[in-house]
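Student: following is a predicted model, sequence given first.
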Amino acid sequence: MIRGRDSKRAKIHKLLEDHIPSNLSSYIPHGWWYIGDVLIISIPKQLLDFKHIIGEVFLHVEQGKARSVFGKVGPTKDIIRTPEFTYLAGDTNSETLHKELGCQFKIDAAKLTFSPGNHGERKRLIDIVQKNEFIIDMFSCVGNLSLPLAVNNEPKKIIATEINPLAYRYLEENIKLNKVEDRIFAIFGDNRTVLSEYQGQADRVLFGYFNGDDQQKRLAIRLCKKGGIVHFHEIVPAKEEETDKLIKKLVVIIEQETKSDMDIAFKRVKKFSPGMDHIVFDVKIN
Ligand SMILES: C[S@@+](CC[C@H](N)C(=O)[O-])C[C@H]1O[C@@H](n2cnc3c(N)ncnc32)[C@H](O)[C@@H]1O
C-alpha cells in the first residue's frame, strides 16, 4: 500500500497523463516543498509549455495546504540571491508566513531565498549557541539563520546585515513580528562596510552565503574575539579531497588574518545538486 507523498505522486502522475505527452512524462516533478503556504516545484525546461496545468494539478492534490504554486525554472542569481521562480497556479501573491522552530518568517517566497533543506542547520545552531553570546549574521536575508536564535536562545545581542532592500524590509518586520527587538538589530547595507565597529567582539559569526569573497571571509575572522566561531557555508563537490582542499584554503586565510591557532570541523547540511554538497565549516579561532 502506498501512503503520504507516494500516493500523492501517483495521483499527480495520473492526473497529468492526460495533458503531457508520454515521451515527456518522465520529467514530471517528483518532489515539492513549501515556504508557508506557497508550494514550489522545480520545472524542467522540457515541461515549460505545461507549467500551468502542472501547477493546477499540484494545487488540487495539495488543496487545503497550498494557496499558491510557483515553479523554480533556473538557478538562484546575483549578489542578492534572487530565485528564478515563475507563477504556476492559485493566488498570484507570493508573500506568505512561514512558521518554523517557534518563529514566524514573513517572506516573499518567489523573490527571496529560504531553503527548507537548511532546517537542520537552523536547528543545530539553536542547540549549540550559548547564553549571552554576541552573534553577527553577515548575510541575513529575512532572518533565516539568526531569527530562530533570537527567539529560542538568550543571546546578548545579534547584529544582522542585509544588502537587499526587500529582504531587509522583511527582516525588520520579522524582528517586530517575533517581538525580539531587544536582542536583534538589523543593519541595511554591504557587510564589508557596515561592520567595522564590531571587530574582535563576536562570539559567533554566521556566514550563510556561498558566494562570499576572501575579503568577506577575512572580515568574518576579524569580527571574532578569541575563542569565537565562524560558520562558513560552501558548495563543495561531494568528494573528501575537495572538502580537504577547501579546509586548506580556509587555513591559509585564517593564518594570514590572525596569528592564532584554530579548530575546524565540518558538517554536510544537504545535497545541493547532483555531485555537489552544501557543507558548513565551523572554524574556532583559539
Ligand atoms: C542566500 S541568502 C542566505 C540567507 C541565510 N544566511 C541562509 O543561510 O539561509 C544570502 C543573503 O545575503 C545577502 N547579501 C549578499 N551580499 C551581501 C553583502 N555584501 N552584505 C550584506 N548582505 C549580503 C543577500 O541579499 C541574501 O539575502
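Tutor: Ah, there it is.

Student: wait, residue 204 touches residue 135, no?
Tutor: Yes. Proximity of residue 204 to residue 135 meets the contact threshold set by CB atoms under 8 Å, at 4.7 Å. Every C-beta, even on glycine, is put in place using the N, C-alpha and C of the backbone.

Student: give me the common contacts of the two.
Tutor: Taking CB atoms under 8 Å, 6 or more residues apart in numbering as the contact rule, residue 204 and residue 135 both touch residue 129.

Student: contacts for stretch 89-100?
Tutor: With contact meaning CB under 8 Å, 6+ apart, stretch 89-100 is reached by 34-38, 52, 55-56, 58-59, 66-70, 85, 87, 104-111, 114, 119, 122, 148.

Student: switch the cut-off to 7 Å
Tutor: Stretch 89-100 is contacted from outside by 35-38, 52, 55-56, 59, 66-70, 104-111, 114, 119, using CB atoms under 7 Å, 6 or more residues apart in numbering.

Student: just the buried residues from those residues, in ChimeraX please.
Tutor: Here is the ChimeraX command that selects the buried residues among these (16 or more other CB atoms under 10 Å):
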select :35,36,37,38,55,56,59,66,67,68,69,70,104,105,106,107,108,109,110,111,114
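
Student: now the longest helix along the chain: buried residues?
Tutor: With secondary structure taken from DSSP state H, the chain has its longest helix at helix 240-257. Buried positions in helix 240-257, judged by neighbour count with 16+ other CB under 10 Å: 243, 246, 247, 250, 253, 254, 257.

Student: for it, what is the distance to the chain centroid?
Tutor: Its chain's average C-alpha position is 23 Å from that of helix 240-257, according to CA atoms, centre = their mean, to the nearest Å.

Student: what packs against that helix?
Tutor: When contacts are defined as 3 or more CB pairs under 7 Å, 6 or more residues apart in numbering; DSSP states H and E, helix 240-257 sits against helix 214-223, strand 224-237, strand 262-273, strand 276-285.

Student: to residue 126, which of those lies closest?
Tutor: Of all those, it is strand 224-237 that lies closest to residue 126, at 13.0 Å by CB to CB.

Student: buried residues in the closest one, which are they?
Tutor: Per 16+ other CB under 10 Å, strand 224-237 contains these buried residues: 224, 228, 229, 230, 231, 232, 233, 234, 236.

Student: out of these, which are close to the ligand?
Tutor: Under the cut-off given by CB under 6 Å from any ligand atom, the ligand has nothing from those close to it.

Student: how about JSON lines for the residues you listed, with pLDDT added?
Tutor: Formatted as JSON lines, the buried residues of strand 224-237 follow (pLDDT from 0 to 100):
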{"residue": "224", "pLDDT": "96"}
{"residue": "228", "pLDDT": "97"}
{"residue": "229", "pLDDT": "98"}
{"residue": "230", "pLDDT": "98"}
{"residue": "231", "pLDDT": "98"}
{"residue": "232", "pLDDT": "98"}
{"residue": "233", "pLDDT": "97"}
{"residue": "234", "pLDDT": "96"}
{"residue": "236", "pLDDT": "95"}
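
Student: ok, so of those, who is nearest the ligand?
Tutor: Ranked by distance to the ligand (CB to the nearest ligand atom), the buried residues of strand 224-237 are led by residue 233 at 6.1 Å.

Student: hang on, that closest one packs against residue 280?
Tutor: Yes. With contact defined as CB atoms under 7 Å, residue 233 and residue 280 form a contacting pair (5.3 Å).

Student: picking that back up, as JSON lines, the buried residues of helix 240-257 with pLDDT and distance to residue 94 would be great.
Tutor: Output for those, formatted as JSON lines (pLDDT from 0 to 100; distance: CB to CB, whole Å):
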{"residue": "243", "pLDDT": "94", "distance to residue 94": "36"}
{"residue": "246", "pLDDT": "92", "distance to residue 94": "34"}
{"residue": "247", "pLDDT": "93", "distance to residue 94": "38"}
{"residue": "250", "pLDDT": "91", "distance to residue 94": "36"}
{"residue": "253", "pLDDT": "91", "distance to residue 94": "38"}
{"residue": "254", "pLDDT": "89", "distance to residue 94": "40"}
{"residue": "257", "pLDDT": "89", "distance to residue 94": "40"}
